[in-house]
Every structure is written in structure tokens, then in C-alpha cells.
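Novice: after the sequence you'll find the predicted model.
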Amino acid sequence: MPEGPEIRRAAQAVHRGIAGQPVRMTLAHPALAPMERALRGASVESVSARSKAMLTRFSTGDVLYSHNQLYGEWVVDRPDEPLRTRAIRLVLETSAQRAVLYSATDFAWLRHGKEAVHPYIAKLGPEVLDDATTARDIAVRLAQFPRRPGAATRRARRCRAASAGKGRTRHHPPKFPHRWRVRAHGAVPSATSTGRQLRGRALLRVRPCPAALP
């Protein structure tokens, strides 16, 4: 199953290929077809990732939620290239680029600004890979789980034990290194903590992850 980083790269590729241009649409899946007439003449304003889901926002205010699940795949190519021999769910085509979604089956139509009503999106925390996510967003989310130790704390304990020769576990770097490494210090802040309080109490430190730097 594609994970968050792959879906984010796919969303960026689709956005670069078709956003802000007139598109010809083919909505081949039964869950999508009823909207074809309403979207006639519309353009794609943006394509973004929300964890493993993608949100395609149209100029009409409609938002397509799609989840690739196990077999779904977005492919961006030229309109004159042959289509693959897989189940076509959606085709968004401009004069120069074409975005095709194959094999996915999980779709929903939402309205712009109301994306959080979808059950999958409603349970998600901050999008860590999103440039708009701040340290405060992450701190507020951590405050909702005060009894759950952070992954950074567990990794630090394993590293200390291994360096002292007392541990039998090995520290493995993450398969997909995050752009940011977050460490919580001291008590977990409350959901009402201000940015000034977070900085003053040194409760949260965010720094670039060396593995992700160019």
C-alpha cells in the first residue's frame, strides 16, 4: 500500500501537471460519474495529500476525496501516450498533461472547507510534511495523548542503552526520513498553551532532520 510520502509526491505531480488549467474529465467509476455534468467546464484549483488520501479541489467548490488503498495509482503523462491496461477510475486531461487514476475504489465528494467531515480525515492529526504545519500544531496534538510516550523518547532510550552496552536492540533510521525532527521536553503542554509559553518553557523543539537536508 502506498504510504504518506508516496501519496504526497503523487499529489504534487498531479498538481504540477493539471492545476489552474482547463481540464477534460472522464469520471469512469460509478461513485464519480454523477458529478461529471456538474464539473463540466471546471478547472482543478489544487491537489494535495492528507496522509494517505488525496484531495482534488475544483473551481466549483467541489472536492474529490480519493484513497489509493492497496492497488490504486496516479499516473501523470502526455495525452498522446497509451493508457495502461488497468481499470481506469478518473482521467483529468489538459492540452499538455494527463493525470489518470487507476484501480482505486474509495471515493467521496466533499465541499471546500468541509473536508474534515470525512471520517478518515476527521481522525488525522497535523500533516507533518505540510509546510503550513507549525510546532504549535504538533504540540497541541501531543497534548491530547499525555500518557503516550513519544517515539523520539523511545528512540533516545534505546540509543542510550545501546551506547552503554546494556541494550540488545538496534536503532534503525526511519525508512522515509521526515523533514523535521520533533522532540518534546518536560511536561506535555495543554491545548491552550500559547506559542510564547511553548518557547519559554522549552517544551518543544523542532529542527531539520539531517537525513532530509540536501
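Specialist: Arrived safely.

Novice: what's the neighbour count on residue 120?
Specialist: A total of 14 residues lie near residue 120 under the criterion other Cβ atoms under 10 Å. (Glycine included, C-beta is placed from N, CA and C.)

Novice: equivalent analysis for the one 5 residues further on, please.
Specialist: Other residues within reach of residue 125 by the criterion other Cβ under 10 Å amount to 14.

Novice: and the nearest residue to it once chain neighbours are set aside, how far from residue 128?
Specialist: Leaving aside its sequence neighbours, residue 125 sits nearest to residue 141 (Cβ to Cβ, 6 or more residues apart in numbering; 4.4 Å). Residue 141 is 10 Å from residue 128, where distance means Cβ to Cβ, to the nearest Å.

Novice: for the protein, which helix is longest?
Specialist: In terms of residue count, the longest helix belonging to the chain (DSSP state H) is helix 4-18.

Novice: surely residue 86 is in contact with residue 103?
Specialist: Yes: using Cβ atoms under 8 Å, residue 86 is in contact with residue 103, at 5.5 Å.

Novice: overlap in contacts of those two?
Specialist: residue 73 (Cβ atoms under 8 Å, 6 or more residues apart in numbering).

Novice: follow-up on the earlier one: elements contacting the strand or helix carrying the residue nearest to residue 125?
Specialist: Assessed by DSSP states H and E, residue 141 sits inside helix 135-143. Under the contact criterion of 3 or more Cβ pairs under 8 Å, 6 or more residues apart in numbering; DSSP states H and E, helix 135-143 touches strand 180-184, helix 195-200, strand 204-208.

Novice: list the buried residues in it.
Specialist: 135-136, 138-140, 142-143 (16 or more other Cβ atoms under 10 Å).

Novice: any idea of the mean pLDDT in that helix?
Specialist: The average pLDDT within helix 135-143 is 81.

Novice: do stretch 94-109 as well
Specialist: 94.

Novice: who touches it?
Specialist: 14, 17-18, 21-24, 29, 31-32, 35, 62-69, 71-79, 81, 83-84, 86-93, 118.
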